[in-house]
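Student: Show me the folded form of this:
(2 chains)
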Amino acid sequence: MDEASVRADLRAYITRELIRDEGYGLKDDEGIISGGLMDSFALAELGVYVEQAFGVYIPDPDLTVAKMDTLNQIVARVLRG
Amino acid sequence: MNAMLLTPDSRHTFATLLDARTLTDSDDTQPAIIYLETDQPPITVTRREFREQVRQHAAGLDALGLRAGDLLIIAHTQNLESIYAFWGALLLGAIPSMFPTLTDKLDPQVYMRGMAELARLSDVRAVLTTDAFAPELTPHVPCPVYGSEDLTTQAHREGRSAPPAARPSTDAVAFLQHSSGTTGLQKGVALSHRAVLNQLAHYSAALALSSDDVIVSWLPLYHDMGLIAGFLLPLVQGVPLVLMSPFDWVQHPALLFRAIHDYRGTLCWLPNFAYNHCARRIRARDLEGLSLTSMRQLINCSEPVQAASHALFLERFAPLGARPEMLGVSYAMAENTFAVTQTPPGQPARLDTIDRAALEHEGRAVPVPHDHPNAHTRVSCGPCIAGTQARVLDADGAPLPDRHVGEIAIQSDCLLSGYYRRPDIQPFREGWYLTGDRGYMADGEVYIVGRSKDLIINAGKNVYPQDIEAIVNTVTGVHAGRAVAFGVPDEREGTELIAVVAEVKTEDAEERRQISAAIRQAVARASTVTVSYVHLVGAKWLIKTSSGKIARAANREKWLAERSASRSGGHEPTPGG
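Tutor: As a prediction, the model looks like this:
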């Protein structure tokens, strides 16, 4: 998995399915949950998606607002495998 | 001492909530509460430990000067301390009320202003919160604020032990449940010991509750479903409560299934969206080895029940032992303490297939075959529990026959005493409480079809669109007074999502992105909900009524129409109700 394609995939998924506004220009370090762009039940959805799309299972203690609030954080966690 | 479960037959042996079996039963070794947190070992609190903690908290509140009849706001995260404080207050005869705490997401200024308003209007005598937040809140509210430390140190310093248990009258107000809405302007639903015990006796009978039951809950205690079904019911009945925090559950929904499996859970209450959340967002590996076969009922409550959500849940969890007769429904409200109706245990919730056109245009529920072009399936909320009656009224307040839609009115032996310190709001009309919900009766069961007002119910939470609009109107770039909020039913989520349409002057894409982000941020910080759709439009997009008010329904229709015309992805909101 290369960083750029993971980032592009996650950005598209998050803006389309979770923010529900494909035209929204999501910034890499923007707080997605703390900024009110998606609610905290979307975290569980993200966990399901990441496992399906990249085969990465993120355990519950890592699936929290503090650790998964920005695109940068999410991409880094996915790349860690 | 109560060795018996609270039932309509044993009801006379319970005078107040202080006769709860968890406090009085001779066997004090049983677990009262099992508290679960993500990645932490479970905490089991026996009845003996529970009693000791409740006495210590009562001693602390007493040492701080709290007295019988004083209103105490408990604004904690969901934890054991808040539970002990609630029961400690009851032991003193004080009136506790559970509130949400300040979270990272919320704007502290907005939260503190709301709390100050509530304290002033309702004559709050003290706010109990976390040690970290207490000093911050203190300068902002006109009553003392105590952290948990204050409670223990004060009692300890004065060498106080618990005061003798209060003997409140059975008609005294036991506690308040606060309605949703802007903090401070929320109505405090005052419930007497008599009303709460009547509700618990009848509701337990409707559930065929036995001492073998185990209740599992992730619901917040500041909500009637969490407070009554997921907290007072097990503690009064002395059946184990397996409790977790809503924050943990929403992020890690498999926790609920793990808890049901590990503790052989039998009863659990969930708002409709939770069926979708569990079915769609629990990962297969988190369910390995788990079983739901111990469950008697999962009870769908606090937002409109969707047949599709039950179907989705059954499809996903049948391999774990989920069966149609496990999925019950309760129509409930804080004003009736909790339940109005309940699906009888052991049978699936009844389904009523009716003509959608007749429902929408004539307000009648006309049965049709499943393959009828206008076939539309509604899920029954079940019959009224004993002690509660419901009827359906027309616009003039006259009762309607079966299968005619009108406003649901209820009468019972577990209704609120009134709204606390609000003699100006009269909840009853000729002894009946008008619920504001629209529905019909058929074959002795209640069906809810909508609301009389513009209320949005998002993930089990009541949200007033005017509160969201007021927040949006403060956002820089939004033409003040030119914003509208409404609910959009969403089949994927199994709840209503919140949409905002706001008029802005700028046409610049980056400026619009910033306004859109600012709207979402502002709502997140000033309310407990998240906006799912933000649509920015130019001047004069919004439709106004002849009296110059923004017409929510008309603007909602306009947005839905534009949206379905220009859709480029994502999922379709379902028009209609």
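
Student: Which parts of chain A are helices?
Tutor: A:3-13, A:41-54, A:71-80 (DSSP state H).

Student: can you dump the C-alpha coordinates of the helix or strand of chain B with the lowest mean pLDDT into CSV?
Tutor: Least confident helix or strand of chain B, by mean pLDDT, DSSP states H and E, is helix B:148-157 with a mean of 82. What follows is helix B:148-157, C-alpha atoms only, in CSV (Å, rounded to 0.1, in the frame of the first residue of the first chain):
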residue,chain,number,x,y,z
SER,B,148,-16.4,13.9,43.9
GLU,B,149,-13.5,14.6,46.2
ASP,B,150,-15.5,17.3,48.0
LEU,B,151,-18.1,14.7,48.8
THR,B,152,-15.8,12.3,50.5
THR,B,153,-13.4,14.7,52.2
GLN,B,154,-16.2,16.8,53.8
ALA,B,155,-17.9,13.8,55.3
HIS,B,156,-14.5,12.4,56.4
ARG,B,157,-13.4,15.7,58.0
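
Student: Now tell me what touches that helix from outside.
Tutor: B:56-57, B:59-64, B:81, B:85, B:128, B:130-131, B:134 (Cβ atoms under 8 Å, 6 or more residues apart in numbering or on different chains). Every residue, glycine included, has its C-beta placed from N, CA and C.

Student: in that helix, what's buried?
Tutor: Residues of helix B:148-157 classed as buried: B:148, B:150-152, B:154-155 (neighbour count, 16 or more other Cβ atoms under 10 Å in any protein chain shown).

Student: which outside residues touch whichever helix or strand comes after it?
Tutor: Going down the chain from helix B:148-157, the next helix or strand is strand B:173-178, by DSSP states H and E. Residues outside strand B:173-178 that contact it (Cβ under 8 Å, 6+ apart) are B:16-17, B:71, B:86, B:89-90, B:95-97, B:99, B:168, B:186-193, B:196, B:222, B:224, B:227, B:334, B:417, B:420.

Student: again, only this time at 6 Å
Tutor: With Cβ atoms under 6 Å, 6 or more residues apart in numbering or on different chains as the test, strand B:173-178 has contacts from B:17, B:95-97, B:186, B:188-193, B:196, B:224, B:334, B:420.

Student: Which residues are in contact with residue 59?
Tutor: Picked chain A for this. Applying Cβ under 6 Å, 6+ apart, no residues qualify as near A:P59.

Student: think we crossed wires, I meant chain B
Tutor: B:A59 touches B:155, B:160-162, counting by Cβ under 6 Å, 6+ apart.

Student: helix/strand/coil for the nearest residue to B:V478 once chain neighbours are set aside?
Tutor: Once flanking residues are discounted, B:V478 sits nearest to B:A502: 4.7 Å by Cβ to Cβ, 6 or more residues apart in numbering or on different chains. Secondary structure assignment for B:A502 (DSSP: H, G, I helix; E, B strand; the rest coil): strand.

Student: For chain A, which residues are neighbours of chain B?
Tutor: A:16, A:20, A:22, A:25, A:35-37, A:39-41, A:43-45, A:48, A:51, A:60-61, A:63 (Cβ under 6 Å from any Cβ of the partner chain).

Student: Neighbours of the residue in the stretch 1-150 of chain B that chain A sits nearest to, how many?
Tutor: The nearest approach of the stretch 1-150 of chain B to chain A comes at B:D39, 4.7 Å away (Cβ to the nearest Cβ). Per other Cβ atoms under 10 Å in any protein chain shown, the neighbour tally for B:D39 reads 9.

Student: That one and B:E81, how far apart?
Tutor: Distance, B:D39 to B:E81, by Cβ to Cβ, to the nearest Å: 20 Å.

Student: next one: B:L314
Tutor: 38 Å.

Student: now do B:Q237
Tutor: 23 Å.

Student: What of B:V127?
Tutor: For B:V127, the distance to B:E81 - Cβ to Cβ - is 14 Å.

Student: For the stretch 251-400 of chain B, list the residues in contact with chain A, please.
Tutor: B:251-253, B:277, B:281, B:283.

Student: PyMOL command to pick out the buried ones of the residues you listed?
Tutor: Command for PyMOL that selects the buried part of those, burial taken from 16+ other Cβ under 10 Å:
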select buried, chain B and resi 251+252+253+277+281+283
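
Student: any chance of the residues of the stretch 251-400 of chain B next to chain A in CSV, plus secondary structure and pLDDT?
Tutor: Compiled in CSV, those are given as follows (DSSP: H, G, I helix; E, B strand; the rest coil; pLDDT from 0 to 100):
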residue, secondary structure, pLDDT
B:Q251, helix, 93
B:H252, coil, 94
B:P253, coil, 96
B:H277, helix, 97
B:R281, helix, 96
B:R283, coil, 96
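
Student: What is the nearest of the residues of the stretch 251-400 of chain B next to chain A to B:A339?
Tutor: B:H277 (22.9 Å; Cβ to Cβ).

Student: residues touching that closest one, list them.
Tutor: With contacts defined as Cβ under 6 Å, 6+ apart, the neighbours of B:H277 are A:41, B:253.

Student: ranges for the strands of the stretch 351-500 of chain B?
Tutor: B:351-355, B:375-379, B:388-393, B:406-412, B:418-419, B:428-429, B:432-442, B:445-451, B:456-458, B:461-463, B:478-490, B:495-504 (DSSP state E, counting those that start in this stretch).

Student: ok, now which ones touch the residue of the stretch 301-450 of chain B found nearest chain A?
Tutor: Using Cβ to the nearest Cβ, B:R316 is the residue of the stretch 301-450 of chain B that sits closest to chain A, at 12.0 Å. By Cβ under 6 Å, 6+ apart, the contact set of B:R316 is B:A279.

Student: Okay, angle between the helix or strand hosting it and strand B:495-504 too, please.
Tutor: Assessed by DSSP H and E, B:R316 sits inside helix B:307-317. Taking axes from the mean of the first three to the mean of the last three Cα atoms, to 10 degrees, helix B:307-317 and strand B:495-504 form an angle of 120 degrees between their directions.

Student: Tell me which residue in chain A sits closest to chain B.
Tutor: Taking Cβ to the nearest Cβ, chain A has A:G36 as its residue nearest chain B, at 2.6 Å.

Student: Residues of the stretch 1-150 of chain B that sit close to chain A?
Tutor: So far as Cβ under 6 Å from any Cβ goes, the stretch 1-150 of chain B lies against chain A at B:38-39.
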